[in-house]
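Q: no sequence on this one, just coordinates:
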C-alpha cells in the first residue's frame, strides 16, 4: 500500500537524526575555509585543495557504501548497521578543529585534510543509509514530500542553530583552542541526534514496510543508466556547489565587504530562518503545482537574490539582509524537493530501482559531497585570483581592491551563474509531470 500516512512517533525521531547531519554539513562548510586561511595562515589555493582533495576518496566510496547498504537491507532486513558505524564521524569532526598548536600553513592543511577524509567516509555510512529510507517505505508521491518536509525543517533549524552557535561558542577573534572547544560541544549534540535518528528509521520501517528487497545486481549501473536520475543529480550537483560556496563565503563577505565579522551570525540567521519558516509552505506549493515547477521557481528566485547582493555594502544592510533572506526561501525548496524526487525516480525504475535504492542514494550523496568540496574550492579560487592574503588568528591584513572585489563577486555573481546552469539542467527532468498528476492523496491511518 502506498497511501499510508506516517505517524509522528516515527517522523519526529527520523527527522531528529538530521540535527547531527546539519552540524556536520554546516560547521565545516561555513567555517573550515576561514579557519584555514585566517587562523592557521594557510594560503587560499592550498586551503581550497585541502578541502577539495579529500572529496576524491569520498566520490569513489559513496556509491560502494550504497551497494553495501543494499546488501545489508537484503540480508538483514534493515540498513541500520552502517548508520551505527557512521556515528564515529563525531571523532573526525573534533579532530578537524583540534589542530596542534605548532602546525600552520601547509602542515596544518594536511592535518585538516586527513581528518576530513576520515570524516567524509564515516559520514557517508550514516547519510547514505538514512537517505535511502524513503525509497524503502511503502508510501506514495505526496507522503515522500511530507516525510522529507519534516526532515528538511529539522536539518534547516540545525543548520541555523549550528551556524549561530558555532561563532558564539568560539568567541570573538578565536584561536585554535576556541574552535576545539566549539567542536567538542557540538560533537556531543551531533552524536546524540544521530543515535535518535537510527531509532526513527527503525520506526518508519515498522510503520510502512515496503516490498521485501532482493539482492541487488548492477545497482550502480541501474542508477547511472537512469536518464531521469542523471538529470536530477546533475542539477543537484550544481546546486550543491552553489550553496556550499555561499556558506563558505559568508564570513568573508561579513568581514571584508560589510566591515564586521560579527555580521556572519546575522547573515547565517537571515539565510536559515526563512528557510525554516517556508519549508512547510514549499510542501504545500509542491502538492499544488508539482515538485519540478516549484523547484525551478525557487532556483530563479535564488538567481534574482544573488544579483541584488552583487550591489555590495553600498546597497545598505537592510536590503542585503532581505536579499539573503530571499536566498534562504529558495534554499528551503532546494533542500526539500530534490530529495523527495529521488524516491520518485527509484519507484519509477521498478523492481530494479527498488532493490538498488542504496546505490541510487550513494551516487546522489557522492554528487552532494562533490558539491560540498567544489563550492569552497571555487570560492578559494576566486580569492586567490583576486590576490587575497591569508593570516593567523589575531593578525589583521589589509586586502587589495582586487581581493575585495573577489570577496564580493565570488559570493554573488558566481552563484548566480552556477544556479542558472542548474536551472538548465533541471529542465531535462521530465518525470514529475506524470507523477504529480497520477499521485493519489494520502489517507490517514492510526499512528
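A: Perfect, thanks for sending it. In this text, all values refer to a predicted model and were calculated from it rather than measured experimentally. Numbers count the residues shown, from 1 in each chain.
Q: what helix or strand is the closest residue to residue 242 other than its chain neighbours on?
A: In this structure, residue 242 finds its nearest non-sequential neighbour in residue 418, 4.3 Å apart by CB to CB, 6 or more residues apart in numbering. From N, CA and C alone the C-beta is placed, and that goes for glycine too. For residue 418, the enclosing helix or strand under DSSP states H and E is helix 401-426.
Q: Tell me which other helices or strands that helix touches.
A: helix 227-252, helix 291-309, helix 357-386 (3 or more CB pairs under 8 Å, 6 or more residues apart in numbering; DSSP states H and E).
Q: Would you single out the least confident of those helices?
A: Comparing mean pLDDT across those, the weakest is helix 357-386, with a mean of 85.
Q: Where does pLDDT dip in the stretch 151-300 of the chain?
A: Residues of the stretch 151-300 of the chain that meet the criterion pLDDT under 70 lie in 210-221.
Q: Could you pull out the helices in it for me?
A: Here the stretch 151-300 of the chain has its helices, by DSSP state H, counting those that start in this stretch, at 176-207, 219-224, 227-252, 263-289, 291-309.
Q: Of all those, which one is nearest residue 33?
A: Of all those, it is helix 227-252 that lies closest to residue 33, at 4.8 Å by CB to CB.
Q: buried residues in the closest one?
A: Across helix 227-252, burial judged by 16 or more other CB atoms under 10 Å covers 228-252.
Q: Return the residues in contact with residue 123.
A: 21, 24, 86, 89, 92 (CB atoms under 8 Å, 6 or more residues apart in numbering).
Q: got the phi/psi numbers for it?
A: Residue 123 adopts backbone torsions of phi -60, psi -40, taken as degrees, to the nearest 10.
Q: Residue 303 versus residue 416, what's the distance?
A: 5 Å (CB to CB, to the nearest Å).
Q: now, of the helices of the stretch 151-300 of the chain, which is deepest in the fold?
A: For these, average neighbour numbers computed from mean count of other CB atoms under 10 Å are highest in helix 227-252, which has a mean of 24.
Q: Show me what that one is packed against.
A: On a contact count with 3+ CB pairs under 8 Å, 6+ apart, helix 227-252 meets helix 8-38, helix 263-289, helix 317-348, helix 357-386, helix 401-426.
Q: Tell me the first helix or strand C-terminal of the longest one.
A: Pointing back at helix 317-348 there. From helix 317-348, the next helix or strand downstream (DSSP H and E) is helix 351-354.
Q: Off-centre distance for that following helix?
A: Put simply, helix 351-354 sits 26 Å off its chain's centre (CA atoms, centre = their mean, to the nearest Å).
Q: Tell me the buried residues in it?
A: Applying 16+ other CB under 10 Å to helix 351-354 flags 352-354 as buried.
Q: what does stretch 316-328 give?
A: By 16+ other CB under 10 Å, the buried positions in stretch 316-328 come out as 320-328.
Q: on that earlier part again, and the angle from the helix holding residue 418 to helix 263-289?
A: 10 degrees (axes from the mean of the first three to the mean of the last three CA atoms, to 10 degrees).
Q: mind listing what the residue nearest to residue 306 when sequence neighbours are not counted touches?
A: With sequence-adjacent residues excluded and distances taken as CB to CB, 6+ apart, residue 306 is closest to residue 416, at 3.9 Å. Counting by CB under 8 Å, 6+ apart, residue 416 makes contact with 303, 306-307, 310.
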